[in-house]
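Q: Next one to model:
(2 chains)
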Amino acid sequence: MLRTVLVPKAFGEYGHYRPGALETIRQRPIAYAGQQQCVMCHEDEAKERASGKHAKVACEACHGPLAAHAADPVANVPKLPDVANLCRRCHEKDAAKPAGFPQVVTAEHSGGMACNDCHKPHNPHL
Amino acid sequence: MDASRRDLFKIGGKILVLASVGATLEQIVGAEPAPDAYKMADHWWGMIIDIEECIGCGNCVRACSKENKVPDGYFRTWVERYVVEEGKQPQVESPKGAMDGFPPLTREDVKSFFVPKLCNHCADSPCVQVCPVGATFLSPDGVVLVDPNYCLGCRYCVQACPYGCRYLNPGTDTVDKCTLCYHRITQGLTTACCENCPTGARQLVDFKNPKDPVHEFLRKNMVQVLKPYMATQPKVYYKDLDGSVR
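A: Numbers count the residues shown, from 1 in each chain, chains lettered A, B, ... in the order given. Predicted coordinates for the structure are as follows:
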């Protein structure tokens, strides 16, 4: 009697824990909508990106979490990324980065100009 | 009586035809998937990490933090930069978990590389063994999770994890850790860190899926796990991991 009150429902079904926890954790909301969602509407950008070096970079890797935008594109309009920081994080020269990865010393490379003054972010080739 | 029997057959026939059309339509259009099509027994999750591809941008750290609302100063995944100089202790740094990348390293005369870290979702995990209330567990699909409703916040598991992957969430006073984005992977998405890795250095894998690239990855590469001597059976496999990494 006491056991039915104290022991959680279905405890021990899979192991020494409460199986309901799995469902609780699954119910958490997502923040990143995922590639397939973005491409459904933004076909032109996806095509442009597919033809360049950023083909394998996911939209939200630069644009940030946009599940809310995907759910309601009118109410949630995303901001453009902060280019000065965004490009530098990946492409600033660092001895620890793989040798084949394109890297620049930003200060010497652009002379203070923003990256997207010359490069198109979706297909960065000049 | 005869007429009514005939009518009955006619109606029956019509119902049969309509039902079969309905069934065919359902087959063509595709029936709505059952709300819970995910079967835990069909999966065994893990991750593969290619050290040679990691550029230390910190995208994974930021993505994880936003996806899982990780409190400031705590990390479910982080990136370390190793600088290994001959005859010296390796220097390891991870400023703010690499949330904003790394300050540039200019020394070319030393060995240096990045190592992304996260919960190894061990198949035989010490954190699960020490939990006194059954709040931390290995799910049937191979993910180490914490039941937020039952965790007491005793921190035994934080001390037991050999990889330093757990923390006490100051907001809830319960233990938190990487869930391998359980809320995403169970609905067919990849984890936030893998989704946002620009070089594909980290990939979510399902060992039970015979078509998963993990099988070729393990067959063709030299792979290593972290602290194999702990016998925790980690499921995060690193390609080209340097011997200095702990």
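Q: Let me see the domain layout of the chain.
A: If you meant another chain, say so; for now it's chain A. A:1-29, A:31-79, A:82-119 (automatic domain parsing).
Q: if you could check chain B rather than the one you did, that'd help
A: According to automatic domain parsing, the domains of chain B span B:1-32, B:40-126+B:158-239.
Q: how about the helices in chain B?
A: B:2-29, B:59-68, B:126-130, B:156-160, B:182-185, B:192-196, B:214-220 (DSSP state H).
Q: what would the domains of chain A look like in JSON lines with mean neighbour count, mean pLDDT and distance to chain B?
A: In this view, the C-beta of every residue, glycine as well, is placed from N, C-alpha and C. Compiled in JSON lines, the domains of chain A are given as follows (neighbours: other C-beta atoms under 10 Å in any protein chain shown; pLDDT from 0 to 100; distance: least, C-beta to the nearest C-beta, whole Å):
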{"stretch": "domain A:1-29", "mean neighbour count": "13", "mean pLDDT": "92", "distance to chain B": "4"}
{"stretch": "domain A:31-79", "mean neighbour count": "16", "mean pLDDT": "95", "distance to chain B": "4"}
{"stretch": "domain A:82-119", "mean neighbour count": "15", "mean pLDDT": "92", "distance to chain B": "4"}
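Q: Any idea which of those domains gets closest to B:P170?
A: For B:P170, the closest of these is domain A:1-29, at 18.8 Å, according to C-beta to C-beta.
Q: how far does the closest one stretch from start to finish?
A: 37 Å (C-alpha to C-alpha, to the nearest Å).
Q: Export the domains of chain A to JSON lines and append columns for distance to B:E80.
A: Output for those, formatted as JSON lines (distance: least, C-beta to C-beta, whole Å):
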{"stretch": "domain A:1-29", "distance to B:E80": "27"}
{"stretch": "domain A:31-79", "distance to B:E80": "21"}
{"stretch": "domain A:82-119", "distance to B:E80": "10"}
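Q: what's the closest of the ones you listed to B:G142?
A: Using C-beta to C-beta, the nearest of these to B:G142 is domain A:1-29, at 11.9 Å.
Q: Now do that closest one: distance to the chain's middle.
A: Averaging C-alpha positions (C-alpha atoms, centre = their mean, to the nearest Å) puts domain A:1-29 33 Å from its chain's average.
Q: swap in stretch A:58-77?
A: Going by C-alpha atoms, centre = their mean, where stretch A:58-77 is centred and where its chain is centred differ by 10 Å.
Q: which outside residues touch that stretch?
A: Under the criterion C-beta atoms under 8 Å, 6 or more residues apart in numbering or on different chains, residues A:29-35, A:37-39, A:41-42, A:45-46, A:78, A:81, A:86, A:121, B:59, B:63, B:66-67, B:192, B:195-198 lie in contact with stretch A:58-77.
Q: mean pLDDT lowest for which of the helices of chain B?
A: Lowest mean pLDDT within the helices of chain B: helix B:2-29, a mean of 60.
Q: Could you look up the SS state of A:M40?
A: helix (DSSP: H, G, I helix; E, B strand; the rest coil).
Q: So A:C87 lies in a strand, does it not?
A: No - applying three-state DSSP, one finds A:C87 to be helix, outside a strand.
Q: give the contact list for it.
A: A:C87 touches A:C115, A:P121, counting by C-beta under 8 Å, 6+ apart.
Q: is it true that A:G52 touches A:P121?
A: No - using C-beta atoms under 8 Å, A:G52 makes no contact with A:P121, being 9.5 Å away.
Q: I'd say B:R246 and B:P228 touch.
A: No - counting by C-beta under 8 Å, B:R246 sits too far from B:P228 to count as a contact (11.5 Å).
Q: which regions of chain B lie under the pLDDT threshold?
A: In the predicted model of chain B, residues B:1-6, B:8-9, B:12-13, B:15-36 satisfy pLDDT under 70.
Q: For it, which segments count as strands?
A: B:45-50, B:77-84, B:91-93, B:111-118, B:136-138, B:144-146, B:167-169, B:174-176, B:202-206, B:223-224, B:236-239 (DSSP state E).
Q: Packing partners of the fifth one?
A: Meaning strand B:136-138. helix B:126-130, strand B:144-146 (3 or more C-beta pairs under 8 Å, 6 or more residues apart in numbering or on different chains; DSSP states H and E).
Q: among those, which is the most enclosed?
A: Among the helices and strands packed on strand B:136-138, strand B:144-146 has the highest mean neighbour count (mean count of other C-beta atoms under 10 Å in any protein chain shown), at a mean of 24.
Q: Say whether chain A is contacted by it.
A: Yes - using C-beta under 8 Å from any C-beta of the partner chain, strand B:144-146 reaches chain A at B:L145, B:V146.
Q: And that strand, how far out from the chain middle?
A: 11 Å.
Q: neighbouring contacts of it?
A: So strand B:144-146 is contacted by A:21-22, A:25, B:119, B:121-122, B:125, B:127-128, B:135-139, B:157, B:174-177, B:179, B:182 (C-beta under 8 Å, 6+ apart).
Q: got the residue ranges for the helices in chain A?
A: Using DSSP H, helices in chain A cover A:2-6, A:20-26, A:35-41, A:43-50, A:59-63, A:67-71, A:83-91, A:106-110.
Q: Now render these as CSV, adding distance to B:V143.
A: Shown next, in CSV, are the helices of chain A (distance: least, C-beta to C-beta, whole Å):
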stretch, distance to B:V143
helix A:2-6, 27
helix A:20-26, 9
helix A:35-41, 22
helix A:43-50, 31
helix A:59-63, 23
helix A:67-71, 21
helix A:83-91, 29
helix A:106-110, 40
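Q: The ones you listed: which one's closest to B:F75?
A: helix A:83-91 (16.7 Å).
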